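S.K.: Sequence below, structure please.
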Amino acid sequence: MNWKIIAILLLSLAVMMMGAGCTTTPTVNNTTTTTTVPATTAGLASATGLSAAATTVAAATGGDNSLTPGPTQAMPKGNDVFVQVNQKDPIDHSITVIYNGGAGMNSVTGCTVHLIRSDGTDETKSLTTQTGSELTFKGTKNPDRIVVTVTTNSGQTYTIIDQMSALAPR
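M.R.: Next up, the predicted model:
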């Protein structure tokens, strides 16, 4: 009889130990910024593929290529589109931008991401408006500026994100 109790206790202990390893929450090093963009109910966004349609690289010449973020536009609720800017990778300094869709995604015809690097260069890429599409930029060690603009089928363009992207603190 004692061996049955011992076997049950050992089996219970083994199950609890295995369960304890599955209950921890992984830590995430990325931070995200979510911003909304209005859209109308007419029209359908034409989005094919997950890669950027166009890329431009040039030397920064001042103006809106400064490293000082400007204002963003407040959008009405109910026509939301979400764009996520992940924190800069501490190893290769890459910055990932992800289009997450939203209630107004059928009216978004374009999404442009502009990176202004601290070394004086800038890069602009088009982000497709398909949910889950993403772009990756090569940043610098120093803080870089990210500007995300969205265009709707009515022709209106909104700056929804304008922020600095710095390395994650250790």
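S.K.: what's the neighbour count on the residue nearest to Asp119 when sequence neighbours are not counted?
M.R.: In this structure, Asp119 finds its nearest non-sequential neighbour in Thr140, 5.4 Å apart by C-beta to C-beta, 6 or more residues apart in numbering. Where you see a C-beta, it was placed from the backbone N, CA and C, and this is true even at glycine. Residues near Thr140, counting by other C-beta atoms under 10 Å, number 16.
S.K.: now do the one 3 residues further on
M.R.: Neighbours of Pro143 under the rule other C-beta under 10 Å: 15.
S.K.: Distance of it relative to Asp122?
M.R.: Distance check for Pro143 against Asp122: by C-beta to C-beta, to the nearest Å, it reads 14 Å.
S.K.: Also Leu9?
M.R.: Taken as C-beta to C-beta, the span from Leu9 to Asp122 is 66 Å.
S.K.: What of Met164?
M.R.: Noted for Met164: a distance of 14 Å to Asp122, by C-beta to C-beta.
S.K.: Among these two, which residue is more densely surrounded?
M.R.: Asp122 (20 against 15).
S.K.: okay, that one: pLDDT?
M.R.: Asp122 is assigned a predicted lDDT (pLDDT) of 94.
S.K.: Helix or strand next in line after the lowest-mean-pLDDT helix or strand in the chain, which one?
M.R.: Among the helices and strands of the chain, strand 55-59 carries the lowest confidence by mean pLDDT, DSSP states H and E, at a mean of 38. For strand 55-59, the following helix or strand on the C-terminal side (DSSP states H and E) is strand 82-85.
S.K.: counting contacts, what elements does that next one pack onto?
M.R.: Judged by 3 or more C-beta pairs under 8 Å, 6 or more residues apart in numbering; DSSP states H and E, strand 82-85 is in contact with strand 34-35, strand 94-101, strand 144-152, strand 157-165.
S.K.: In the second one, which residues are buried?
M.R.: Residues Ile95, Val97, Ile98, Tyr99, Asn100, Gly101 are the ones in strand 94-101 that count as buried (16 or more other C-beta atoms under 10 Å).
S.K.: Out of the residues you listed, which one has the weakest pLDDT?
M.R.: Lowest pLDDT of the buried residues of strand 94-101: Gly101, 90.
S.K.: Quick one: residues contacting it.
M.R.: Contacts here follow C-beta atoms under 8 Å, 6 or more residues apart in numbering; on that basis Gly101 touches Val81, Phe82, Thr131, Gly132.
S.K.: Narrow these to just the buried residues.
M.R.: Val81, Phe82.
S.K.: I'd like the contacts of Gly101 as TSV, with pLDDT and distance to Met16 appended.
M.R.: What follows is the contacts of Gly101, written out as TSV (pLDDT from 0 to 100; distance: C-beta to C-beta, whole Å):
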residue	pLDDT	distance to Met16
Val81	87	46
Phe82	89	40
Thr131	94	40
Gly132	95	38
